[in-house]
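Enquirer: I would like to see how this sequence folds:
(2 chains, ligands or ions: 2)
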Amino acid sequence: MSPSVPIAIERLRYRVGDLPILNGVDITVTSPGITAIIGANGAGKSVLLRLIDGLLVPTSGTIRIGASAGSRPGTAFVFQRPGMVRASVAANVSLALAPLGLDAGERRERVRAALDHVGLGDRAGAPATRLSGGEQQRLALARAWARKPDLLLLDEPTANLDPASAQAIEELVASMARAGTKVVLVSHNLGQVMRLAEDVVVLADGLAVEHGPARSLLSSPRSPQARAYLAGELPWTSFAAHS
Amino acid sequence: MFQTLQDTLSRIAALDPEVIAIAGLSLRVSLSAVGLATLVGVPLGGLVAVASFRGRRAVVGLLNAAMGLPPVVIGLVLYLLLSRSGPFGGLGLLFTPSAMIAAQTILVVPLIAALTRQIVADAEDHLGEQLRSLGLGRVRRAAILIFDTRFSLVTAILAAFGRAISEIGAVLVVGGNIDGYTRTMTTAISLETQKGDLPLALALGIVLIAIVVAVSAVASLLRSYAMRAYG
Ligand SMILES: Nc1ncnc2c1ncn2[C@@H]1O[C@H](COP(=O)(O)OP(=O)(O)OP(=O)(O)O)[C@@H](O)[C@H]1O
Ligand SMILES: [Mg+2]
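Expert: Ligands and ions are numbered 1, 2, ... in the order given. This next block holds a predicted model:
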């Protein structure tokens, strides 16, 4: 496995028309393992992941991934709402491998292993769009796993899962991180963040307002925004209180 | 009126060989045209849906507008191209079934391409980002989205078939309505009506409707069979 990927984000701005969404985000991640991003609904977490993946182009600022500039490491993105093609479960994993240039045997083997990994091995021939929401999310993770990415971006990967599946997914993500994949996890599940993440970034008001080790940040946040979020205050009420 | 209807029904019941030959030619021409147009129009529509290039909006507008091209004008332009003094006159295609197939292909390519573009663009809305994130190139993305929307595309192709088999202007101009050679259902109906043979015209009309209904039924069957096979 390749070594973990450092991420350097500098003065990252993103706006849609006149609407600012990110206002100069600075994040430097050097640690391997799992980095969590937390923040209220609409804070810009999903937008940030899309920018990291290259699906969106920053208005200004830079995102550097990997030690060497230039060659972009393999990235896999599990979306908040995973998209499936109207084809079999196995075909949906297989198409994710198409750009990798594997031979047919290797490709089949990876598909099989990936589906076994998420407990969908016996559903390989089933139509993917007919799977339940949670099963589709597991399939999305299998698709990411099969690509053996250096960087894995997860947008609330267990939001629709039952407790047992969520735990299975957490174990899978943790094992990928141990094997050297750098994971960026967006989650509203603070227990999960505590269990999985080494460090946590708090996104609020278009900025990374706080970044620190998971344990200390979650137990004693320094920024008012992080405190409000962790206390369960709604952002608009806390906004009113501050102004 | 009653007499006409009775004559009509007896013509159909007798399976008039002339009627069968005409129906066969109509089917052959329109199915060939729709087949060719599908090979061109579906990939074209899919690519326009996923591509981003300068003037894309104009291309989409053009495609949508071209859905409404008048058949008789397409026939006329093709006539000029294929006529003896035209650039393709040497091919000797004018007044042949091949010319009719060409005319109907040109007629329905924009229809198939425009509907495919819309259907694929809708699929791209919820699947496009996923596919781009996988690092799939444009052609692969178009192919996957076409596959994803295959059940809806059948309906678009059926609409094209309906337009092809029921048009008269293009086949009349480039085919010439030659008895036993380029006479189709629509040109025959028009001719028999003018001659006053209303039973025959009506019989042909009923057969034409039956063909359209039958083709659509077969397509629906295939579609629902495929959907069930999918799951
Ligand atoms: N293309 C766009 N056009 C307009 N607004 C957008 C666009 N993309 C994102 N936004 C806005 O940017 C903000 C951040 O969106 P984002 O999806 O990143 O939120 P999030 O932090 O992931 O929230 P959640 O926890 O609900 O998933 C939202 O207010 C959203 O409406
Ligand atoms: Mg989100």
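
Enquirer: A:Arg11 against A:Asp26, yeah?
Expert: Yes: here A:Arg11 reaches A:Asp26: they are 6.4 Å apart, a contact under C-beta atoms under 8 Å. The C-beta positions use only the backbone N, C-alpha and C, and glycine is treated the same way.

Enquirer: ok, the residue of chain B found nearest ligand 1 to A:Ser220 distance?
Expert: When distances are taken as C-beta to the nearest ligand atom, chain B reaches nearest to ligand 1 at B:Glu129, 11.0 Å away. B:Glu129 sits 37 Å away from A:Ser220, taking C-beta to C-beta, to the nearest Å as the criterion.

Enquirer: those two: who's more crowded?
Expert: Summary of the neighbour comparison: B:Glu129 and A:Ser220, criterion other C-beta atoms under 10 Å in any protein chain shown, with B:Glu129 having more neighbours (18 against 11).

Enquirer: if we can go back for a sec, show the pLDDT at the residue of chain B closest to ligand 1.
Expert: The predicted local distance difference test score for B:Glu129 is 94.

Enquirer: before we move on, what about A:Leu234?
Expert: Model confidence at A:Leu234, expressed as pLDDT, equals 66.

Enquirer: so B:Gly41: helix, strand or coil?
Expert: Classification of B:Gly41 into helix, strand or coil gives helix, according to DSSP: H, G, I helix; E, B strand; the rest coil.

Enquirer: that one: how many residues sit nearby?
Expert: In terms of burial, B:Gly41 registers 27 neighbours under the definition other C-beta under 10 Å.

Enquirer: host element of the residue in chain B positioned nearest to ligand 2?
Expert: Per C-beta to the ion, B:Glu129 is where chain B lies closest to ligand 2, at 12.8 Å. Following DSSP states H and E, one finds B:Glu129 within helix B:97-133.

Enquirer: please identify the buried residues of that helix?
Expert: For helix B:97-133, burial by neighbour count (16 or more other C-beta atoms under 10 Å in any protein chain shown) applies to B:97-121, B:123-124, B:127-133.

Enquirer: got it, and stretch B:202-221?
Expert: Under 16+ other C-beta under 10 Å, the buried positions of stretch B:202-221 are B:202-205, B:207-208, B:211-212, B:215.

Enquirer: could you list which of the residues you listed belong to helices?
Expert: Here DSSP state H is the test, and the buried residues of stretch B:202-221 give B:202-205, B:207-208, B:211-212, B:215 as lying in helices.

Enquirer: pull the most distant pair out of those residues.
Expert: Pairwise distances across these (C-beta to C-beta) peak at 20.6 Å, for the pair B:Leu202 and B:Val215.

Enquirer: in the chain, which spans are helices?
Expert: I'll assume chain A. A:45-53, A:89-97, A:104-117, A:133-146, A:163-178, A:190-196, A:214-219, A:224-230, A:235-242.

Enquirer: wrong chain, I was asking about chain B
Expert: B:2-13, B:17-50, B:56-66, B:71-82, B:97-133, B:138-148, B:150-166, B:169-175, B:185-195, B:198-230.

Enquirer: among these, which is nearest A:Ser187?
Expert: Across the helices of chain B, A:Ser187 has its closest neighbour in helix B:97-133 (19.0 Å, C-beta to C-beta).

Enquirer: helices and strands around the closest one, which ones?
Expert: Packing contacts for helix B:97-133, counted by 3 or more C-beta pairs under 8 Å, 6 or more residues apart in numbering or on different chains; DSSP states H and E, involve strand A:75-78, helix B:17-50, helix B:56-66, helix B:71-82, helix B:138-148, helix B:150-166, helix B:169-175.
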